[in-house]
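*Asks:* sequence and predicted structure below; questions after.
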Amino acid sequence: MVNAVRLAQEHLVLTTLGTKLTPEFTAVLDSEPRELIVLGGWRAGKSEAGAAKIMKRVPFWKMANAATGQKFLVWLVGPDYQQTHA
């Protein structure tokens, strides 16, 4: 379980990136299931939810790896090259 300070830090990262945190969106982002299935129609925010789940943690990975001197790698995968840059 993630503590309240960490959640606040993660929310700050996302709001800084311009993500609108509604109560429903926050409930999905703050959950820590082993597997997560997000269902929705076109333009429902499925990709945004997946990206936000990753992006909220990147600064923390970066800090942890800086302390150990290791590098980290994040893969962006999409149907085509352009969609990984959207």
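*Replies:* The structure has been received and is ready for your questions. Just so we're clear, the structure is a prediction, and the values are computed from it rather than from any experiment. Residues are numbered from 1 along each chain as shown.
*Asks:* mind checking how far residue 57 is from residue 44?
*Replies:* Separation of residue 57 from residue 44 (Cβ to Cβ, to the nearest Å): 23 Å. Where C-beta positions appear, they are placed from N, C-alpha and C, glycine not excepted.
*Asks:* with residue 67 instead?
*Replies:* 38 Å.
*Asks:* who has more neighbours, these two?
*Replies:* residue 44 (11 against 8; other Cβ atoms under 10 Å).
*Asks:* can you tell me the SS state at that one?
*Replies:* When classified by DSSP: H, G, I helix; E, B strand; the rest coil, residue 44 comes out as coil.
*Asks:* low-confidence ranges in this protein?
*Replies:* Scanning the chain with the threshold set as pLDDT under 70 gives 1-2, 86.
*Asks:* scan it for its longest helix.
*Replies:* The residue-count maximum for a helix in the chain (DSSP state H) belongs to helix 4-16.
*Asks:* show me what it is in contact with.
*Replies:* 2, 21, 26, 29, 30, 52, 55, 56, 57, 58, 59, 60 (Cβ atoms under 8 Å, 6 or more residues apart in numbering).
*Asks:* can you give me the strands in this protein?
*Replies:* Here the chain has no strands by DSSP state E.
*Asks:* how many neighbouring residues does residue 9 have?
*Replies:* Residue 9 has 14 neighbouring residues, counting by other Cβ under 10 Å.
*Asks:* center of the chain - which residue?
*Replies:* Closest residue to the average C-alpha location of the chain: residue 53 at 2.2 Å, with Cα atoms, centre = their mean.
*Asks:* show me what contacts that residue?
*Replies:* Residue 53 neighbours (Cβ under 8 Å, 6+ apart): 29, 36.
*Asks:* now do the buried residues in the longest helix of the chain.
*Replies:* By 16 or more other Cβ atoms under 10 Å, the buried positions in helix 4-16 come out as 10, 11, 13, 14.
*Asks:* in the chain, what residue sits furthest out from the centroid?
*Replies:* Distance-from-mean max, the chain, by Cα atoms, centre = their mean: residue 69 at 23.3 Å.
*Asks:* distance of it from residue 27?
*Replies:* Going from residue 69 to residue 27 by Cβ to Cβ gives 37 Å.
*Asks:* got it, and residue 63?
*Replies:* Distance of residue 63 to residue 27, computed by Cβ to Cβ: 26 Å.
*Asks:* alright, I will stop here.
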